[in-house]
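# sequence plus predicted model, see below.
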Amino acid sequence: MTKTVMKKIVVIFIWLCIWQLISYLTGLELIIASPVKVLLSFLSLLQKQLFYQCMINSFIKIILGFIIAFVTGIVFAAAANRFRFLKEFLSPLIYLMKALPVVSFIILLLIWAGSKNLSVIISLIVVFPMIYIGTLEGFNNLDIKLLEMSKVFRMGWIKKTRYIYAPEIFPYIISNCKIALGMCWKAGISAEVIGLPSKSIGEQMYLSKLYLMTDELLAWSIAIIIVSVIFEKLFLIILIGIRKGLEN
Amino acid sequence: MEAKCKNNIYIEKLCKSYGDNHVLNSISFEFEAGKISCLMGESGIGKTTLLKILMGLEKKDSGFVHGIDENTKISAVFQEERLCDNLTSLGNLLMVCDKSISKDVIRKQLALVLPQNALLKKVSLLSGGMRQRVAIVRAMIVNSDIVLMDEPFKGLDEETKKTVIAYVKDNQRGRTVLIVTHNGDDAKMLEAPICILTKQ
C-alpha cells in the first residue's frame, strides 16, 4: 500500500473518530447518528429492494440530464464559436443559469412541469453552462497557428477535429466535467427532496428527515457519494480514453 | 521533369498595409513554374507577409497574384514549425497526407533527414532542428502544386543543411518552390535564382 493511500485512510479514520466522539459526547443519537449506526443503517438499506429502485430511478434521471447537458453543451459551444450571434444570443441565458439559485429553478419547474422529471431538467440546467463555458474556453484558446497550418494544407474537418480541436479542447471539457459531475448529483437530489418524485433518493431522504432518522439520512448520503464517485471515475476514464484514442 | 504547376507565379503591384505600416508597396515579381526560387531581403521588409498572402492567410490590399488560384494546392514551411506537440513526427505527417501516401513512404522520407529513433518520438521531445526537418518533410511529402518555405534552414548546422537541401531538391517533383532565406549560400546550394525584396 502506498504512503498516499495510508495517509488518506488515517485521515478518514481520524474524522470518523471525531464524528463518533461528537455523537457520544452530545448523546443526541437522534440528531447526530454515530458512524457505526450509519454503517448499520447503510447495510440494512442494501438489503431492501426499495433502495435499488430509488437508486436506479434517481441515477437514470440525474445522469440523463448530465449526458444531455454534456452533448448539447459541446454542440452549442462549437456553434457559438462559429456564429458570433449565437454566442451573444446565449450569453444572457448562460448568465441566468449560472447566477440564479438552483432552488429558484426547482420551484419554477415544479410549477411548470411537475416533479416527475424535475431532476433531469435541474441536472441539465446545472451542468449545461459548465460544459458550454469550458468548451468555449477551449475554442478561444485554440492555437491559431495550427489552424492556419490546417487551412494551408487543406485538412478535412475530421482530421482537424481529431488532431487540432480535440487535443486543445478536451482538457477544458475534462476539467469542467469533474466539477459538473459532482454538481449534477447535488442539484438533482436537491430537486428530488423538494419535488418528492415517487421512489427516488430525494423522497427517501425527505422521509428520513421527517421521521428524524438521521442514520438513514446519512446512509442515503453515503450511497449517493459512492454512486457519484464511481460514475465520475468511469466517465472520466471514458473521456480520457477517447482523448488518447484520438491522439494515437 | 515537367513542371507540375504550369504557370509562373506572377505578382503584380502588390500592396499590403497594417494600419499606417505599409509592408508591401506595389511590389512585382515573377517566379518560374516548376523551379526552385529564393526570396531574400532584409528583416521586416515583408517576405513573410508576401508568403502569407500567397498561402491565402492574409488578404492583399491591392495588386494581383497570377498563377495561384483556389484550386492550387499549397504546402508550406512556416517561420515556426507549427507541429502538433502531442503527436509523433510520423503522426504530424499522417495528419496532412492523403490516403495515397502510405505510412511506409512517410517513414522512409523522414528517415532521409532524421535519425531513426526520432521517428516515433513525440515532436515535443525533439530538438528545434529536428522539428524543423519534420516541418520540411511535411511540406515536401504532400501532393501540392506549390511549396512555400519561410526560412526553412534556420537553426540547422551546415552538414544537416546540406542533407536537407539535397532532400528538397530530390523531392521537388516539378513543383514551384519558393524559399525565403537570409543566406545567399542557401540559394547557391539550391542552384536557385534569387529575387531580392527591397523597400519601395
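All right, it came through fine.
# ok, residue 119 - contacts?
Unless you meant another one, I'm taking chain A. Residues in contact with A:S119, defined by C-beta atoms under 8 Å, 6 or more residues apart in numbering or on different chains, are A:58, A:61-62, A:65, A:188-189, A:191-192, A:195, A:197, A:200, A:202. Heads up, the C-betas are built off the backbone N, CA and C, glycines and all.
# I was thinking of chain B, sorry if that wasn't clear
Contacts of B:L119 (C-beta under 8 Å, 6+ apart): B:88-90, B:107, B:110-111.
# element containing the most centrally placed residue in chain A, please.
Nearest to the mean C-alpha position of chain A, by C-alpha atoms, centre = their mean, lies A:L181 at 2.3 Å. Assigned by DSSP states H and E, A:L181 belongs to helix A:166-195.
# what's the first helix or strand after that helix?
Trace forward from helix A:166-195 with DSSP H and E and the next one is helix A:201-210.
# can you give me how far that following helix is from the chain middle?
Distance of helix A:201-210 from the chain centroid (C-alpha atoms, centre = their mean, to the nearest Å) equals 20 Å.
# next, the angle from that helix to helix A:166-195.
40 degrees (axes from the mean of the first three to the mean of the last three C-alpha atoms, to 10 degrees).
# mind listing what's buried in helix A:201-210?
Within helix A:201-210, the residues scored as buried using 16 or more other C-beta atoms under 10 Å in any protein chain shown are A:201-206, A:208.
# quick check, nearest of the residues you listed to chain B?
A:I201 (40.6 Å; C-beta to the nearest C-beta).
# show the contacting residues for that closest one.
Per C-beta under 8 Å, 6+ apart, neighbours of A:I201: A:54-55, A:57-58, A:189, A:192, A:220, A:223-224.
# quick one: low-confidence ranges for chain B?
Residues of chain B meeting the criterion pLDDT under 70: B:1-6, B:200.
# tell me where it has helices.
B:47-55, B:89-94, B:103-113, B:128-141, B:158-170, B:184-190 (DSSP state H).
# and chain A, by the same measure?
Under DSSP H, chain A gives helices at A:3-26, A:35-46, A:49-82, A:84-99, A:102-113, A:118-140, A:144-152, A:157-160, A:166-195, A:201-210, A:214-247.
# reformat the ones you listed as a markdown table; add distance to B:D20.
Converted to a markdown table, those look like this (distance: least, C-beta to C-beta, whole Å):
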| stretch | distance to B:D20 |
| --- | --- |
| helix A:3-26 | 60 |
| helix A:35-46 | 74 |
| helix A:49-82 | 32 |
| helix A:84-99 | 28 |
| helix A:102-113 | 53 |
| helix A:118-140 | 29 |
| helix A:144-152 | 24 |
| helix A:157-160 | 36 |
| helix A:166-195 | 35 |
| helix A:201-210 | 65 |
| helix A:214-247 | 44 |
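# out of those helices, nearest to B:S102?
Of all the helices of chain A, helix A:157-160 sits nearest to B:S102, with 16.7 Å by C-beta to C-beta.
# and the closest one, how far out from the chain's middle?
Using C-alpha atoms, centre = their mean, the offset of helix A:157-160 from its chain centre is 30 Å.
# show the pLDDT at the nearest residue to A:V36 once chain neighbours are set aside.
Closest residue to A:V36 apart from its sequence neighbours, by C-beta to C-beta, 6 or more residues apart in numbering or on different chains: A:Q20 at 7.2 Å. The model reports A:Q20 with a pLDDT of 89.
# fine by me, thanks again.
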